[in-house]
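Colleague: Predicted model follows, preceded by the sequence.
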Amino acid sequence: MSEQGINRRQLLASAAAVGGLSLGLSLAPTAAHATSSAADRARRTGASWENLIEKSSFSSTSAFNREWNHLYPWDGSADTHNGAARMHAGQVSLAQGVLTLTATRLAAADGNSPHAPNAPLWYRSGAVHAKEQILVNDQFPEYDIEGEFRTQTGQGIWPAFWTTGTWPAWPPESDILEYVGNSTNLFNTWSKNASGEEVVEREPVSGHNPDAWHKYRVWMYKDGDDVMLDYYFDGVWKATHRGVGWAGVPQWLIINLQMGSWASGIEPGGPGWNEQPGPSGNTYFRARNVWVGRTRAW
């Protein structure tokens, strides 16, 4: 969900896939875990486990309010980001353990987003973020972040379940679920190289069914100054990425239904940009059994 200097449209143009993952904690190490340093492995061995977000957090308004906030976590413009939707708490609902974010097409644009690429705001939608931040460090060397999601996809639809560095520290960013105008899920890990340039590791995943629940997961674990990320879709490992220099950097966890902008298929300022083509009426993004746990080394 980055809005930084990289031309995101160019990066996304060649991607194709879909995703999910398995709920249910598996402590068995993957082959990727073997790359961790001996010190990090020893630290994890002596760590205890604790839950940060329970799967029941969408079971009631009181449960939600204990663990989540509305809108985006940044100050000043928390109702907007890099798409064509302005977020409202009224677009978020809870029923039978399911969180539903609803995007509604407006009759006219509600101004422009202050975030690049400054898309006209043709939608009202919803976003929530966890009150507890993600911080992979010596004290908390591993995190498991997972959930079940059901979403519409297609032109103009941009749902995401993601982490991002506490604003304005970016990267890090991990996109656990991200559909950008098509039915391909993108597992993205944003970092910087030795020259300070923004880089992304990307694994596109296909198989999305808009009428079914899919499971998405990232397992984060400290490896020196870096953080390794194992991504899973419907219980199947899909990729291991490296978050370069991520250790010790706090991150927010966000669920949002963005619309338009890069998902519209139109370059900023190009023909049709002002109209932000996408679905008329309502679009839905649903979540359940979202869970976050971590190890504590002391």
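Modeller: Now that the structure is in, tell me what you want to look at.
Colleague: Now do residue 43, the pLDDT please.
Modeller: According to the prediction, residue 43 has pLDDT 53.
Colleague: Give me the contacts around stretch 66-80.
Modeller: 53-54, 57, 81, 86-89, 92, 113-115, 121, 126-132, 166-168, 252, 254, 256 (C-beta atoms under 8 Å, 6 or more residues apart in numbering). Every C-beta, even on glycine, is put in place using the N, C-alpha and C of the backbone.
Colleague: buried stuff in that stretch?
Modeller: By 16 or more other C-beta atoms under 10 Å, the buried positions in stretch 66-80 come out as 67, 68, 69, 70, 71, 72, 73, 74, 78, 79, 80.
Colleague: end-to-end on it?
Modeller: 23 Å (C-alpha to C-alpha, to the nearest Å).
Colleague: tell me the average confidence for that stretch?
Modeller: 95.
Colleague: Quick check: the gap between residue 124 and residue 267.
Modeller: According to C-beta to C-beta, to the nearest Å, residue 124 and residue 267 sit 25 Å apart.
Colleague: follow-up on the earlier one: among the buried residues of stretch 66-80, which are in strands?
Modeller: Using DSSP state E, the members of the buried residues of stretch 66-80 that fall in strands are 68, 69, 70.
Colleague: so what's the first one bridging to?
Modeller: With DSSP bridges applied, residue 68 shows beta-bridge pairing to residue 130.
Colleague: any residues touching stretch 238-246, and which ones?
Modeller: Contacts of stretch 238-246 (C-beta under 8 Å, 6+ apart): 19, 30, 32, 136, 171-172, 174, 187, 189, 191-193, 201, 203, 205, 220, 223, 225-232.
Colleague: State whether residue 186 is indeed within a helix.
Modeller: No: counting by DSSP: H, G, I helix; E, B strand; the rest coil, residue 186 is located in no helix; its state is strand.
Colleague: nearest spatial neighbour of it, skipping sequence neighbours?
Modeller: Spatial nearest neighbour of residue 186, chain neighbours left out: residue 178 (4.7 Å); criterion: C-beta to C-beta, 6 or more residues apart in numbering.
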